[in-house]
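Enquirer: Just need the structure, nothing else, for what follows:
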Amino acid sequence: STTDEVDVDVPETPAGTQTRWALEQLAAEDGPTAADAGARFADVFLAQIPADDMAATFDQLRTYGPFEFIGYQGTEVSAQTALRNGSGEPMALEVAVDDAGLITGLFLRQMVEPPDIAAWTDVDAAYAEIPGARVFAADVSDGRCDAVHTFGGSDEPAPLGSTFKLYVLGAVQQAVLDGDVSWDDTVTVTSASRVPT
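Expert: Now for the predicted structure:
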């Protein structure tokens, strides 16, 4: 396969190196080869998209191009590259790598401009477009939780979603304060420690 050199300002970090490679693949006519993909992607990623299918995956991504590089931001292990697609619309290429520098996440998505929010009515208008969306904003102080604004049947029971993570974090914080665990402890979840659902 041919890989065009992409002249963009991307740092020589593990995430930056893999981002540059992904940008080069998006600019190329074909590829990557299965061998190249196998050397670039972690097993956890290849379990979802095998190395033999990677060229077809990049062919699909190339249909949004050609891409114009706008900017880059990232850390050692994750990066987001701002692009403009062939239609001039903003897109983001997101790359995550593991400790070995292998790609664990690669995602090309359209950028959505956040709505202008100046008042609660603007919040309501933004969430009105999402079926089943609910909003509950509160002032929490001195052990009290006073509702400030609600939208979409916020008084009715609803699934917790990721909110349950706050309860877990609260329990861990209390265990740290009690001296039972430390923030640096590694915890292994076993069948004996699971709560039946």
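Enquirer: those helices in the protein, which residues are they?
Expert: 14-27, 34-40, 43-46, 54-62, 120-127, 164-177 (DSSP state H).
Enquirer: Give me the buried positions along stretch 82-90.
Expert: Along stretch 82-90, these residues count as buried under the neighbour rule (16 or more other CB atoms under 10 Å): 83, 84, 85. All C-beta spots, glycine's among them, are computed from the backbone N, C-alpha and C.
Enquirer: low-confidence ranges in the chain?
Expert: 1-8, 154-156, 158-159, 193-197 (pLDDT under 70).
Enquirer: how about the strands in it?
Expert: Along the chain, counting by DSSP state E, strands occupy 68-74, 78-84, 90-97, 103-110, 135-141, 144-151.
Enquirer: Quick check: which of the helices of the chain is nearest to residue 148?
Expert: Among the helices of the chain, the nearest to residue 148 by CB to CB is helix 120-127 (8.4 Å).
Enquirer: Turn the strands of the chain into TSV, columns for distance to residue 175.
Expert: Putting the strands of the chain into TSV (distance: least, CB to CB, whole Å) gives the following:
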stretch	distance to residue 175
strand 68-74	33
strand 78-84	29
strand 90-97	29
strand 103-110	29
strand 135-141	22
strand 144-151	23
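Enquirer: winner for burial among the helices of the chain?
Expert: Stretch with highest mean neighbour count among the helices of the chain: helix 14-27 (a mean of 21; mean count of other CB atoms under 10 Å).
Enquirer: quick one, that one and strand 103-110 angle?
Expert: Interaxial angle, helix 14-27 versus strand 103-110 (axes from the mean of the first three to the mean of the last three CA atoms, to 10 degrees): 50 degrees.
Enquirer: which helices and strands does helix 14-27 pack with?
Expert: Counting contacts by 3 or more CB pairs under 8 Å, 6 or more residues apart in numbering; DSSP states H and E, helix 14-27 is packed against helix 54-62, strand 68-74, strand 78-84, strand 90-97, strand 103-110.
Enquirer: Could you point out which of these sits nearest residue 42?
Expert: Between those, strand 103-110 lies closest to residue 42; by CB to CB that is 4.8 Å.
Enquirer: how much does that closest one deviate in direction from strand 78-84?
Expert: Using the same axes, to 10 degrees: strand 103-110 against strand 78-84 is 30 degrees.
Enquirer: now for strand 103-110, which elements pack on it?
Expert: Right, strand 103-110 is packed against helix 14-27, helix 43-46, strand 90-97 by 3+ CB pairs under 8 Å, 6+ apart.
Enquirer: I appreciate the help and will end here.
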